[in-house]
Every structure is written in structure tokens, then in C-alpha cells.
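Q: structure for this input, please:
(chains A and B)
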Protein chains: 2
Amino acid sequence: MNVELIAVGTEILMGNIVNTNSAFLAAQCAKYGLSCLYQSVVGDNAERIEEQLRIAISRSDMVIMCGGLGPTKDDMTKEVAAKVMEQELVLYEASLESIAAYFAQRKIEMTANNNKQALLPKDGIILTNNNGTAPGCIMEKNGKSVILLPGPPNELIPMWKESVVPYVEDKIHATIYSKLVKISGVSESKIATMIADLIDNQSNPTIATYAKVNEVHIRVSAKAEDESAAKKLVKPIVKELKNRFGNYVYTTDEDTTLEKSVVDLLIGNDLTVGTVESCTGGLLAGRLINVPGVSDAFKSGLITYSNKAKRKFLGVKKSTIEKYSAVSAETAEEMVRGLHGINKADVIVATTGYAGPDGGSDDKPVGLVYIGCYVCGKIQVREYRFKGNRSKVRDSAVAAALEFMRECILEYYSEKTFGSNDR
Amino acid sequence: MNVELIAVGTEILMGNIVNTNSAFLAAQCAKYGLSCLYQSVVGDNAERIEEQLRIAISRSDMVIMCGGLGPTKDDMTKEVAAKVMEQELVLYEASLESIAAYFAQRKIEMTANNNKQALLPKDGIILTNNNGTAPGCIMEKNGKSVILLPGPPNELIPMWKESVVPYVEDKIHATIYSKLVKISGVSESKIATMIADLIDNQSNPTIATYAKVNEVHIRVSAKAEDESAAKKLVKPIVKELKNRFGNYVYTTDEDTTLEKSVVDLLIGNDLTVGTVESCTGGLLAGRLINVPGVSDAFKSGLITYSNKAKRKFLGVKKSTIEKYSAVSAETAEEMVRGLHGINKADVIVATTGYAGPDGGSDDKPVGLVYIGCYVCGKIQVREYRFKGNRSKVRDSAVAAALEFMRECILEYYSEKTFGSNDR
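A: Now for the predicted structure:
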């Protein structure tokens, strides 16, 4: 089934916002086996929306439009789509009541123009909006569908999951089940090589890789008559991926981030944690603290960007910095010991490196980072060489530090190996 | 002049990457007075690229395509565009030499398929790529232009600025000059009200606003026969905006971020700085340390997320936390004093708040944040109420802290007011 996405909104056309909705919808289409061949963006202009929709519906089985469902005159996606799909818009009392309830709950006065949002296609399928005022809808004609979704991502995403996915599954007479295998600590090219045979032989389930900052996500999706049959197809591939990548697979749960997997590991083992950062300057603690509930584990963090602060707060020796420089395994180790002396956390992680643009030398170039990790008595230090600008080096170092923490904690608790591959 | 953007790349169609190139190009088109009425995305498929390009060229004066200029068989944008524009591709020796030089400089072996990248339209305009191997090009036919740019943003952006902007200015027989007025600390809706008269009366220069996290950027762009005439048109509007928003305008320099403006202020006044973070948990220090050269100013930072850490490291009183809670002006003030006692920095900033999803109460809801700022002897604390999820509350708090630091430092050094408006 061919699908086309049309995002409606002058703010995208003007470059005011980035079109993340289309990226979300495109990834979802891939997940559900829908071939998305075109994406487009048009402004809030009836004539051009109509033109674009007519082109799309002529060449695709399904058109997903987002944006332009608001209460103002500028919002005209629904009106134009109804015209193209030859549907009459009528007032849906139930939708009007939900909109009124939405305002009442938030103690905001509902204005008359919100009534417009309850005008919906007479023969359409109405998609309830539990997170905003604009209902979505689906119109069908000659075996083709146009799906209208609201523009705000916090309304679009739940509506997609709650209402559109079941519709799509019904259309394709199949259930799609997929798992996301998230890997950290193995390079994208290495992963590509290691799963080339699986990729070459894929049909159902399909296997798709997504590169993130120092992570790769592999989506395994299967199509079957029901969920249990689809699950059966996905399971052996996920198992095979786990075998190949060992503990580098940090989760197969869609909503678990790398930092959450680390915090879960800390809390699950009753471990406290402390961070001491030079080049990452707070970003590592910042990511850990993005996990709700981290307060049970996080003892304290220090940002010692200057050599003076490293010496004063952590007791890093002057001779260590002079002999090995502040960016060295030796300094990283003394930073770890220094913070442990202060807060006695079970796990301590330290970063020191050259993020650029200045600093560094031929010998120790920009991108060189040392990460030290202490877990219950044992310190390990690892050297990394990252590429990119200051911001990229710092983000990579944070991701690497999280991954290294996982490795060290898992190593401490078990003899499980981290896959058989080198890093 | 009507412009249309076509991004070519299966990775965008699959939702693997977000289409930031189109956002960049769209904002640039707005800046240069080009009406961008459509954007689209197609995969690496000759037939569909051709179809999309024919539609685009039929309804627009200029089509800007990006992606698909690489050396592999999948890269076919140039071949398809040459067919549509009826141009012959010939080998450009100069381009071949640049590509060879690019590889030689990086000590990488050049493969035969890179020759393909030096095949360029015989009657086209060649756009040199100083940051990669794929040259861009411009083809013209019947007064219409197709501009081909490489996909990687670090190649596309410089090529746009160096080569396409002069071409566009030549086309529109004018020079465009623009200034970006960056404002922090005033809400978007307040700004909209305060510049409504300017927006209503705009023609040349044009005025466009862009909302960022706790910031609003206003772009003032003028069109004139030469740069000096265009500058003359922009100057009075920028002056008027500065008058209206006073010191809330933190820069009119395109490349200066809010954190850079704060670090410049610190270094310019020989001030040292320290951070002590609870809810922002390192992100504030992380943003300050993203500014190269910050080491001259940054003394040290502490992350005291738990009450215990606030008491132990900063000496926040047990009675203060019990009476006012850890999220209070009183705690923020004691956090500031605590770090000052440790590192004696000239400027200290502290954050404490409920980022959610847990914590908070009717009285002190999620989103409530106190920021304390000390500048050379004087402490001020301000209360904020932010909306959104955990991550949004934290990002907003960081932006607000940076802005508050600016205010406090400027207040200390001068009697300049922060505009006449309330916040």
C-alpha cells in the first residue's frame, strides 16, 4: 500500500519549525509496512492544499495530512479534504461536547470559533483527540483514504497510536508487531557488517537500522494474521540480535533510553552514583537526571572544568597534570578517586577530554576523551577518539560514558560477556 | 519569485533522519524574499524524482534540490535533473582535480566511482564544494532554474552561502541584508503585541519572528540595489526593536547564542562563575561550557539533586528545607551562599524546582522553579512557572537562568534598564 504524507503549515514552509511530524509518520509507515513514496509540505492556502492533495490521491492509496485543523480561518485542511473527497461536513454533537469538556477541565473559556472543530465529515471516521481540541478524521472514496491529524506532536502521536494504527491494520488485513533492539557501544558500520546476512535475507520480519548519537536502533517488524503469530516471527530475530551483540543491547523496550537503562541498573542494584565532569561539563549528570526517580541513586555531581578546580576539589596531583596532562587516563583516575573520597558513591564516572575547537595537539588531538568508571572498589579507564565539532564530541562522550557505566556495572555483577565482538 | 524545495533521500522518506535541510533552506528563502510554496521529499528513485521535478518546475520559477549527488548508483539527482532540464553531462577536469585533491589531503584512496561526481552539466553553473566531494550545480531553461546541492548539512550550508546566495541576489536584481535580533526573557505573545504595529506596516524591510526555547528571534530583512542601501533600511528597525526591548535583546549577531552572550559578559568584566544545580542537574553548566574559552571564567559547578547533598555540600539548613521545602526562594538563596563559600566565584547561579512528572503539589506544582543569582555581593532570587514535560521544564529553566544571569550582571554594571515593559 502506497502512502503519501502532506504536512500543512506556513510555519514549516518558512523554516520556522522543523518537520518532525513527517519523520515520525514516515518511521511509523515503515514499521507498518506502508510504502511512503512522497512527503510534501504546503502552506495554509486552500488552492495549494487542494492541488497537492489531488496529486497525492491520484498516485497513492492513502494520504496522511497533518496540521490545519485548528479553530481559525487559516485552518482549512479539513474543508479542502472534504471537497476533494466529496464529503459533507456536519456538526458532531459528541465532538462538540468533548471540546467543551476539554475547555471546562482547564477552566478556559471556549470561544465560538471552536465550534468549527466539531464540523466533521458526515460519512467519515472520527478520531478522538484526548490531548487537544481538534478531532482527526478519515475520509474514504474509491478505495482510497485521506487521514487528517492535528499538527501538535503531543496530539498527533497519541492519535496515531490509538486510532490510526488499528485502522491501518484493518486495511492491510494484518497485525504488525515490532520490537526495537537498542544497541550502544558498537559502531554503525560494525553493526551493518554483523547483520548483513540478516538484512540480505529479510522479508517478513523486516529489519531496519536507525543511527543515533553513539547508538544504533534496529527495528524488527513482522506482519501476520494476529499479534501472537507476528510475535512468533519477531522473537527469533530479536534473540539472534541479542546473541550477536550480547550486553551491548541495552534494551528492547521502545521507551527506555540509554540513561534510563543505566538508572534502572543503579536502582535495581541499590547503587548510588556520582559524576565528575570536565569536557562534558554537566551534560552527563544532566542526562542521568532526566530520568524520573533518579533521586534514589544520584548522590552528587561536580563540574571541574579547570585544572585548578580538579586540583582543589578532587586533589588531582599537580605532578599528574604536568606529567600526563589533564586529558589522560591518570587524571581521569584521580578525578574518580577524588569524588569518591567526597561522596562515597558506589559508582563514580569521570570525563576529561579535548572538545575543541582549541586545545589538543598532534599527539592528543581534539576529540580525545578519557572516561574513568569506578564500581564498588574497581576503577577502569577507557580512551576514546571522537569526531566532529565541540558539541558533537561532548554528546558522544556523554553517550560513551553512559555505555561504559553499564559495562562496568554488569561486569561487576556477572560474568556475562559483552558479545564476542571487539568494540 | 516562487521557489520549491525537493529533498532527495530514502532515509528521509523512511523517517530515519529529520529533514533539517529543508528547514534551513526554507528559512533562507524567507530571508531572501523568495516565496517557498511547496516542499517535498522523494526517495532515490529516478522515475519519482523526475515526476516530482517536472511538477515543481511547472509551477515554480526555481527548484532547489538537495541530496543524491554522491558517487554511488543510488545517487541520481543530477542525472534526472539534467534530463528534465535537457542538459548534457560532461566531465569537468577542474572538478575532478578538486575531488582528487580532497581525497589526497585526507590520505584516502579515491575510487573510480568518484569520477561520476565530476560529470556536470555542460551549460550549467558549477558550485564548488569546499567541504566534501560532490560539487553542486545550477541548470537554467526558459527562465527557470534548478539548483542542486549536496545532502550533508556541513556541505550544503556553506555552498548555499558561498555560491547560491550571490546567484539568487543576481536573479532578483537586489542585495538582501538582514539582521537577527535575539530576545530572551520576554514571552512570544508579549513580543507579538509589542511589535504588532511594525509587523502590520512591514513591506521592506520585512520582519519575521521565530520562537525558540524561552527566546524569540526577530529577523529584519531589506532588499535594495546594494548592501549599503539595504543596511540603511534595516538599521532604524533594529534600533527601534532595541529601544522597545532594551537589554532583553541579548545580541544582533547571527552566531551568538544566549550562553555565549553570558560568557562574553563574564569574560569582558573579568568575572568568574560557578553553578549549583538541582532540577537542571548539570544542564546549565553544560550549556555554559559549550562556549569555547569558558575556562577563563568557569570556576566549578555542583550538582546537588538530593536534599542530603544540598545540606552536606552547601550547608543548606535542615530547618529551611522543612519550613519552606527544597523548592523555595530560601533554599535557592542558601544554595547560592553555599557554593560561594566554597569557590568564591564572582557570579553564582542556583536552580531548584519541580521538573516532574512526580513531586509538586497544588501549592507548588510541577514546573515551579526558583533561580538564585549572586553577582559581586548581591543575591536575587526569582520564581518561575514553566509548562511542559520534565525535559521541557528543565530546558526552560536553563534558558531562564542564563537570561537572569545576564540581567543581574548588567544591572550590577550599569543603570541601564531592561526595556520599559514588565516581563
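Q: for the closest residue to A:K116 other than its chain neighbours, helix, strand, or coil?
A: Distances taken as Cβ to Cβ, 6 or more residues apart in numbering or on different chains place A:P71 nearest to A:K116, at 5.5 Å, with adjacent residues excluded. Where C-beta positions appear, they are placed from N, C-alpha and C, glycine not excepted. Per DSSP: H, G, I helix; E, B strand; the rest coil, the secondary structure class of A:P71 is coil.
Q: my guess is A:P71 contacts A:T111, does it?
A: Yes. Here A:P71 reaches A:T111: they are 7.3 Å apart, a contact under Cβ atoms under 8 Å.
Q: neighbour count for these two, which is higher?
A: Neighbours per residue (other Cβ atoms under 10 Å in any protein chain shown) separate A:P71 from A:T111, with A:P71 holding more: 17 against 9.
Q: who touches the more buried one in this structure?
A: A:111, A:113-114, A:116-117, A:133-134 (Cβ atoms under 8 Å, 6 or more residues apart in numbering or on different chains).
Q: and it, what's its pLDDT?
A: A:P71 carries a pLDDT score of 87 in this model.
Q: try A:N214
A: Reported pLDDT at A:N214 in the predicted model: 83.
Q: and the stretch 151-300 of chain A, which residues reach chain B?
A: A:208, A:210-211, A:275, A:277, A:279-286, A:288-290, A:292-295, A:298-300 (Cβ under 8 Å from any Cβ of the partner chain).
Q: show me the domain layout of chain A.
A: Listed by automatic domain parsing, the domain ranges of chain A are A:2-171, A:175-251, A:258-413.
Q: give me the below-cutoff pLDDT ranges for chain A.
A: A:415-423 (pLDDT under 70).
Q: quick check: longest helix in it by residues?
A: Longest helix in chain A by number of residues, with DSSP state H as the criterion: helix A:390-413.
Q: and that helix, how far out from the chain middle?
A: Relative to its chain's centre, helix A:390-413 lies at 18 Å (Cα atoms, centre = their mean, to the nearest Å).
Q: again with stretch A:300-312
A: A distance of 32 Å separates the centroid of the chain from that of stretch A:300-312, by Cα atoms, centre = their mean.
Q: okay, now that stretch: how far is its last residue from its first?
A: 17 Å (Cα to Cα, to the nearest Å).
Q: one step back: does chain B sit close to the longest helix of chain A?
A: Yes. If you take Cβ under 8 Å from any Cβ as the test, helix A:390-413 does meet chain B, through A:390-391, A:394.
Q: got it, and stretch A:339-359?
A: Yes. Judged by Cβ under 8 Å from any Cβ, stretch A:339-359 comes into contact with chain B at A:343, A:356-358.
Q: those: which two are farthest apart?
A: Using Cβ to Cβ, those span at most 33.0 Å, a distance reached by A:N343 and A:P357.
Q: so if I had to pick from those two, which one is more boxed in?
A: A side-by-side neighbour count of A:N343 and A:P357, using other Cβ under 10 Å, places A:N343 first with 19 against 12.
Q: rewinding a little: neighbour-wise, give me the winner out of the residues of helix A:390-413 next to chain B.
A: Result: A:R394 is most packed of these (other Cβ under 10 Å), 27 neighbours.
Q: with just CA atoms, put stretch A:276-296 into PDB.
A: The C-alpha atoms that make up stretch A:276-296 are tabulated as PDB, following Å, rounded to 0.1, in the frame of the first residue of the first chain:
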ATOM      1  CA  VAL A 276      32.700  14.400  37.900                       C
ATOM      2  CA  GLU A 277      32.900  16.100  34.600                       C
ATOM      3  CA  SER A 278      35.500  18.200  32.700                       C
ATOM      4  CA  CYS A 279      34.800  18.300  29.000                       C
ATOM      5  CA  THR A 280      31.200  17.200  29.300                       C
ATOM      6  CA  GLY A 281      30.700  19.900  31.900                       C
ATOM      7  CA  GLY A 282      27.400  18.800  33.400                       C
ATOM      8  CA  LEU A 283      25.800  17.100  30.400                       C
ATOM      9  CA  LEU A 284      26.300  13.600  31.700                       C
ATOM     10  CA  ALA A 285      24.700  14.400  35.000                       C
ATOM     11  CA  GLY A 286      22.000  16.300  33.000                       C
ATOM     12  CA  ARG A 287      21.100  13.100  31.100                       C
ATOM     13  CA  LEU A 288      21.100  10.900  34.200                       C
ATOM     14  CA  ILE A 289      18.900  13.500  36.000                       C
ATOM     15  CA  ASN A 290      16.400  13.500  33.000                       C
ATOM     16  CA  VAL A 291      15.300  10.100  34.300                       C
ATOM     17  CA  PRO A 292      12.400  10.500  36.800                       C
ATOM     18  CA  GLY A 293      13.200   8.700  40.100                       C
ATOM     19  CA  VAL A 294      17.000   9.200  39.700                       C
ATOM     20  CA  SER A 295      17.000  10.900  43.100                       C
ATOM     21  CA  ASP A 296      17.200   7.500  44.800                       C
END
